[in-house]
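In: I would like to see how this sequence folds:
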Amino acid sequence: MKPTDAIYVAGHRGMVGSALVRLLRAQGFNNLLLQTRAELDLCDPRAVRAFYENHRPTYVLIAAAKVGGIWANNTQPVEFLSENLQIELNLINGAYAVGVKKLLFLGSSCVYPKMAPQPMTEDALLSGSLEPTNEAYALAKICGIRLCQAYARQHGANFISAQPTNLYGPEDNFDLETSHVLPALIHKFHLAREKSQKSITLWGTGRAYREFLHVDDLAQACLFLMETYDSPELINVGCGRDITIRELAELIRDVTGFSGEIEWDAAKPDGTPRKLLDVSKLTKLGWQAKVPLEEGIRSTYQWWVEHKRP
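Out: Numbering: from 1, shown residues only. The predicted structure is shown next:
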């Protein structure tokens, strides 16, 4: 990749896309193609095809997707499946049509079966049933992965797919109804401290395990893969370490300064019991995550306090 190459970052205003843009600009890439949702509806195949025809990007990074936490996924399966399928089909098909040199599609760790052996290796894909609460999103991501592989097999396209673990960082969604667990906990503990609550009640038992990767680390991994990895076989991106949701909550309580008790509502779902990625494939290529979890949470909390909306 050269600094003058035209690089299209789909979803550049989201958490992952904005991290990619920050990194690319810091690395001297000055020909970035960036379109807001108002400028380009990714669910509109004609609009996406026209964009590709007009701009002819050399490289494409797909960070655009409809995302959300357990509640959003569980209550809006139609939207999560149909919108993500439309986005993927339009972006991947369009990229091939105009001869994009290389494309990176970002999947998700939820593409692996709910009860996959831990840590989850790349060959666990389609080896068992998915977690029901986010099955629609996972199915859409699996289709995107398979479409990239189909283009590689049938047409020799250099379309690669990376599966990141749970992400957090600047530009995350902190909405209490639609966010993922880490930003939701930051928001809840912050509010509880401001209201001087004596306790806070959280969903589930707290015994589920999750792995968390700072979004700046993911951006670094994506650029690394664009420069070094040309296989259609999917590759995991994570830090290789996980903690329980209970431990995460206690850590965020300390970071936010909340001094009350944590209570657990076991009637609410925990989701998948454990989600830890096997990152040995990426590690062997020479890449490892750098941002420690506590440091990343502190910087993310500081960013949210400075930028939070009513």
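In: For the rest of this, base every contact and every neighbour count on C-alpha atoms.
Out: Will do.
In: Enumerate every residue touching the closest residue to Asn74 other than its chain neighbours.
Out: Using C-alpha to C-alpha, 6 or more residues apart in numbering and skipping the chain neighbours, the partner closest in space to Asn74 is Thr133 (4.8 Å). Taking C-alpha atoms under 8 Å, 6 or more residues apart in numbering, we find Thr133 in contact with Ile70, Trp71, Asn73, Asn74, Gly271.
In: tell me the SS of Thr133?
Out: Secondary structure state of Thr133, per DSSP: H, G, I helix; E, B strand; the rest coil, is helix.
In: could you pull out the strands for the stretch 1-150 of the chain?
Out: Ranges of strands in the stretch 1-150 of the chain, per DSSP state E, counting those that start in this stretch, are 7-10, 32-33, 59-62, 102-106.
In: among the ones you listed, which is the most enclosed?
Out: Greatest average neighbour count among those goes to strand 7-10 (a mean of 25), per mean count of other C-alpha atoms under 10 Å.
In: mean confidence for that one?
Out: Averaged across strand 7-10, pLDDT comes to 98.
In: nearest residue to the residue of the chain positioned farthest from its centre other than its sequence neighbours?
Out: No residue in the chain sits farther from the centre than Lys198, which is 33.6 Å out by C-alpha atoms, centre = their mean. In space, Lys198 comes closest to Gly260 once its chain neighbours are excluded; the distance is 4.6 Å by C-alpha to C-alpha, 6+ apart.
In: Quick check, pLDDT for the one you found.
Out: On the pLDDT scale, Gly260 is placed at 96.
In: Can you give me the neighbour number for Ala65?
Out: Here the number of neighbours of Ala65 (other C-alpha atoms under 10 Å) works out to 22.
In: cool, and Thr4?
Out: Neighbour count for Thr4, taken as other C-alpha under 10 Å: 12.
In: Hmm, Arg25 and it touching each other?
Out: No. Counting by C-alpha atoms under 8 Å, Arg25 is not a contact partner of Thr4; they are 11.4 Å apart.
In: any idea how far Lys308 is from Asp44?
Out: The gap separating Lys308 from Asp44 is 31 Å, by C-alpha to C-alpha, to the nearest Å.
In: would CSV of the strands of the stretch 1-150 of the chain with distance to Gln86 be doable?
Out: Shown next, in CSV, are these (distance: least, C-alpha to C-alpha, whole Å):
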stretch, distance to Gln86
strand 7-10, 13
strand 32-33, 20
strand 59-62, 13
strand 102-106, 14
